[in-house]
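Q: Turn this into a structure:
(chains A and B)
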Amino acid sequence: MKTKRFHFWALFWPLLAMLYFFLPMYGTLDFSLRMKKGVISLLAYQTVLADPQFLESFRYSAIMGVITVTISVLLFVPTVYWVYLRLPQARPVMEIISILPFIIPVIVYVFGLIRTFSGPPFQLTLTAFKTDILITAGYIILSMPFMFRAIDVGMRAIDVRSLTEAGQSLGANWVQILFNIIFPNLRIAILSGALICFATVIGELILGDFLVRPALGPYMVLVGRDRAYEPAALAIISYALTWGCLGLIQFFSRGGNTQQQLIGR
Amino acid sequence: MSYLELSHVHKAFAGTTAVEDFNLSITQGEFIAFLGPSGCGKTTTLRMVAGFELPTSGQITLEGKDLTFLPPNKRNVGMVFQSYALFPNMTVAENIGYGLKVAGKSKMEIKPRVDEMLGLIHLEKFGTRYPGQLSGGQQQRVALARALAIRPHVLLLDEPLSALDAKIRVELRHEIRRVQQQLGITTIYVTHDQEEALSLSDRIVVMSQGKIEQVGTPAQIYNFPKTEFVAQFVGQINLLPVEVVNPAQGVVKLGQQMIQAGQFGHLNGKPVRLAVRPEELNPGFSEGANNLNGKVDTITYLGSIVRIRIAIEGHPVSLDIFNERKLKIPTVGDPYQVTFPVDACWLL
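A: Next comes the predicted model:
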């Protein structure tokens, strides 16, 4: 009897959660397909994809995403590695710093960035290029919790110290150890962090809006203000992109599990 | 002629001394074991030789060249870790050849060396496998081959067999000794397992609380321990609190029973302890030997050996006898007489 009750509740809550999550999404999808009166069509999607402003904002956000991911990887992997190896006592501090973007509202953060870096001596909002530098730095900070966590988990899974010492005893220098041993063994962790980081940049609104850059987030809001069906189509496209990233993470993580199982043999 | 020399090496971590005034000369091709309990400083000393730790003071030289502050990647010292530390992203062959690759050797040079090393550890067919596809014993053999592939001046092994099961451990320690003798490589082996140290080494360095207690061959360490710590740490021993009766002749007394010690120094009035190994004791009485009477306290079967513990004058004394089918085992509480030669015991 107890087991049956357990089964019921074990199914009930996930089902409720799934309904809560999927019902609105289904509603959005259904709405996005009803642009032509009385007919199910992809017209809203065609309109969005044909809009040069969409392509431009998507291209901009994608480029920013790639730059953010690259800098984040090059910044966080050596930093976390060094903390693991030489400053393990600094790990709690790193943990706190890494969650700051969750604690400080983005709007506060953006105003802080603008106030600090728009005036002399930085003047980073004077040209588009300089603003792009500022927005990239902002994206790096905003996506830091995801990138840091992913790399931290990856570092925990490998014996960083022994692998480093083994490399050193074989004559490898720091660069060789980092690129031949540490990076390849963090491949899955880096990929997971990179994909979440990319998805964050693609959907980010406030930084792009306040720094007046042609990012996808502000474009979606703009479209949402003026039209009805296209924003729904954009929301579904955005979901699809994020889910695509998550799917890729799952796919590559599965490879990692297989390797772990082999190690465990 | 000393090959590797550690002179007055001292290491402290945040005010805590890990290694104190460590002095050791190692000749080329010698197999040295650092033996001691956890926290005695043996791994720290090894890591200082490898360059992973810097001594607080003292000097480490190899063939007269000062290594003390040389980075680990410039020392040409091979290291085998307890956790194997094989690179999971590389195959067995790539792991073995990694040291040669970073040294800038060509593929033409690396391949034959890797094949030679695979042959040395009898894993010729495993070159294309990944570490995760090997057993623990195989992984450690690959780690050994990887450390040897760079033809290091010194091979360092940090408790390499601790993570393996008992049978593999015995097999692999013979393998390590065979390879070491075949290549004639100077080796330092850290272990807390006395059996490993005794069976493998040319010399053993017994350590306690950061200091060397004794350096000697396995026979010297086992048969002639210089300190009570060494006597107790290496093998089983009976240590009996005795009262000195005749300091000039080494005659002591345990309760009311007289004992003649075979080896004794200055008996300056301090409390002394009589040391005798359980295997030196025999049941019965012998003329001209030490004979003690007591009562059987406990009997323990250890497979090939039966350990009988006798209470003599209120002190437990262990006696080891070889197990055989016809062996007559006494019962607990029986009166029991043991005998041991005068030269089998000494005073500490």
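Q: Which of the helices or strands spans residue A:233?
A: helix A:229-264 (DSSP states H and E).
Q: buried residues in stretch B:139-158?
A: Judged by neighbour count (16 or more other C-beta atoms under 10 Å in any protein chain shown), stretch B:139-158 contains these buried residues: B:139-150, B:152-158. In short, each C-beta sits where N, CA and C put it, glycine included.
Q: Just those: which are in strands?
A: Among the buried residues of stretch B:139-158, DSSP state E puts B:154, B:155, B:156, B:157, B:158 in strands.
Q: Around chain A, pick out the residues from the stretch 1-150 of chain B.
A: Within the stretch 1-150 of chain B, the positions near chain A by C-beta under 8 Å from any C-beta of the partner chain are B:50-52, B:71-79, B:81, B:83, B:85-89, B:98-99, B:102-103, B:130-133, B:135, B:143, B:146-147, B:150.
Q: Now the buried members of those.
A: Burial by neighbour count, 16+ other C-beta under 10 Å: within those this picks out B:50-52, B:72-73, B:75-79, B:81, B:83, B:85-89, B:98-99, B:102, B:130-133, B:143, B:146-147, B:150.
Q: mind showing which ranges of the stretch 201-348 of chain B have poor pLDDT?
A: Applying pLDDT under 70 to the stretch 201-348 of chain B picks out residues B:265-271.
Q: sorry, back to before: tell me which of the ones in strands among the buried residues of stretch B:139-158 is nearest to chain A?
A: Closest approach between these and chain A, by C-beta to the nearest C-beta: residue B:156, at 7.9 Å.
Q: so what's that closest one scoring on pLDDT?
A: Looking at residue B:156, its pLDDT is 97.
Q: can you tell me which residues contact it?
A: Counting by C-beta atoms under 8 Å, 6 or more residues apart in numbering or on different chains, residue B:156 touches A:169, B:46, B:49, B:50, B:77, B:78, B:79, B:80, B:147, B:187, B:188, B:190.
Q: could those go into a markdown table alongside distance to residue B:242, secondary structure and pLDDT?
A: Output for those, formatted as a markdown table (distance: C-beta to C-beta, whole Å; DSSP: H, G, I helix; E, B strand; the rest coil; pLDDT from 0 to 100):
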| residue | distance to residue B:242 | secondary structure | pLDDT |
| --- | --- | --- | --- |
| A:169 | 50 | helix | 96 |
| B:46 | 39 | helix | 97 |
| B:49 | 42 | helix | 97 |
| B:50 | 45 | helix | 96 |
| B:77 | 47 | strand | 95 |
| B:78 | 49 | strand | 94 |
| B:79 | 46 | strand | 95 |
| B:80 | 45 | strand | 96 |
| B:147 | 49 | helix | 95 |
| B:187 | 41 | strand | 97 |
| B:188 | 38 | strand | 97 |
| B:190 | 36 | strand | 97 |
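Q: Only the buried residues of stretch B:304-323, if you could.
A: By 16+ other C-beta under 10 Å, the buried positions in stretch B:304-323 come out as B:306-310, B:312-313, B:315, B:317-321.
Q: Dump the residues you listed into a markdown table; add secondary structure and distance to residue A:47 as well.
A: Output for the buried residues of stretch B:304-323, formatted as a markdown table (DSSP: H, G, I helix; E, B strand; the rest coil; distance: C-beta to C-beta, whole Å):
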| residue | secondary structure | distance to residue A:47 |
| --- | --- | --- |
| B:306 | strand | 92 |
| B:307 | strand | 90 |
| B:308 | strand | 95 |
| B:309 | strand | 93 |
| B:310 | strand | 99 |
| B:312 | strand | 101 |
| B:313 | coil | 103 |
| B:315 | strand | 98 |
| B:317 | strand | 97 |
| B:318 | strand | 92 |
| B:319 | strand | 97 |
| B:320 | strand | 92 |
| B:321 | strand | 96 |
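Q: mind listing what's buried in stretch B:215-225?
A: B:215, B:216, B:218, B:221, B:222, B:225.
Q: Now find how far off-centre it is within its chain.
A: 11 Å (C-alpha atoms, centre = their mean, to the nearest Å).
Q: Endpoints of that stretch, how far apart?
A: 10 Å (C-alpha to C-alpha, to the nearest Å).
Q: Stretch B:154-165 now?
A: Using C-alpha to C-alpha, the end-to-end distance of stretch B:154-165 comes to 27 Å.
Q: got it, and stretch B:140-158?
A: Start and end residues of stretch B:140-158 are separated by 11 Å (C-alpha to C-alpha).
Q: what distance separates that stretch from the centre of its chain?
A: The answer for stretch B:140-158 is 19 Å, by C-alpha atoms, centre = their mean.
Q: again, but for stretch B:115-124
A: Averaging C-alpha positions (C-alpha atoms, centre = their mean) puts stretch B:115-124 28 Å from its chain's average.
Q: ok, which pair from the buried residues of stretch B:215-225 is furthest apart?
A: The distance between the two most remote of the buried residues of stretch B:215-225 (C-beta to C-beta) is 13.6 Å, for B:215 and B:222.
Q: so which residue of the stretch 101-250 of chain B comes closest to chain A?
A: Proximity to chain A, evaluated over the stretch 101-250 of chain B using C-beta to the nearest C-beta, is greatest for residue B:132 at 3.6 Å.
Q: ok, back up a step: between the contacts of residue B:156, which sits nearest residue B:39?
A: residue B:190 (12.7 Å).
Q: could you list every residue that touches the closest one?
A: B:33, B:34, B:42, B:43, B:46, B:156, B:157, B:158, B:159.
Q: And the furthest pair within those?
A: Within these, B:33 and B:43 form the most distant pair, 12.7 Å apart (C-beta to C-beta).
Q: What strand or helix carries residue B:297?
A: Per DSSP H and E, residue B:297 falls inside strand B:290-301.
Q: Which of the three states applies to the residue of the stretch 101-250 of chain B closest to chain A?
A: helix (DSSP: H, G, I helix; E, B strand; the rest coil).
Q: doesn't residue B:87 make contact with it?
A: No - using C-beta atoms under 8 Å, residue B:132 is not in contact with residue B:87, being 11.0 Å away.
Q: Which residue ranges of the chain form helices?
A: Went with chain A since none was named. Using DSSP state H, the helices of chain A run over A:2-32, A:43-50, A:52-86, A:91-103, A:106-117, A:128-157, A:160-169, A:174-176, A:183-185, A:187-203, A:206-210, A:216-226, A:229-264.
Q: try again with chain B
A: B:42-50, B:92-102, B:107-120, B:136-149, B:166-183, B:194-200, B:218-223, B:228-233.
Q: So which of the ones you listed is nearest residue A:50?
A: helix B:92-102 (50.5 Å).
Q: what's the angle between the closest one and helix B:107-120?
A: 130 degrees (axes from the mean of the first three to the mean of the last three C-alpha atoms, to 10 degrees).
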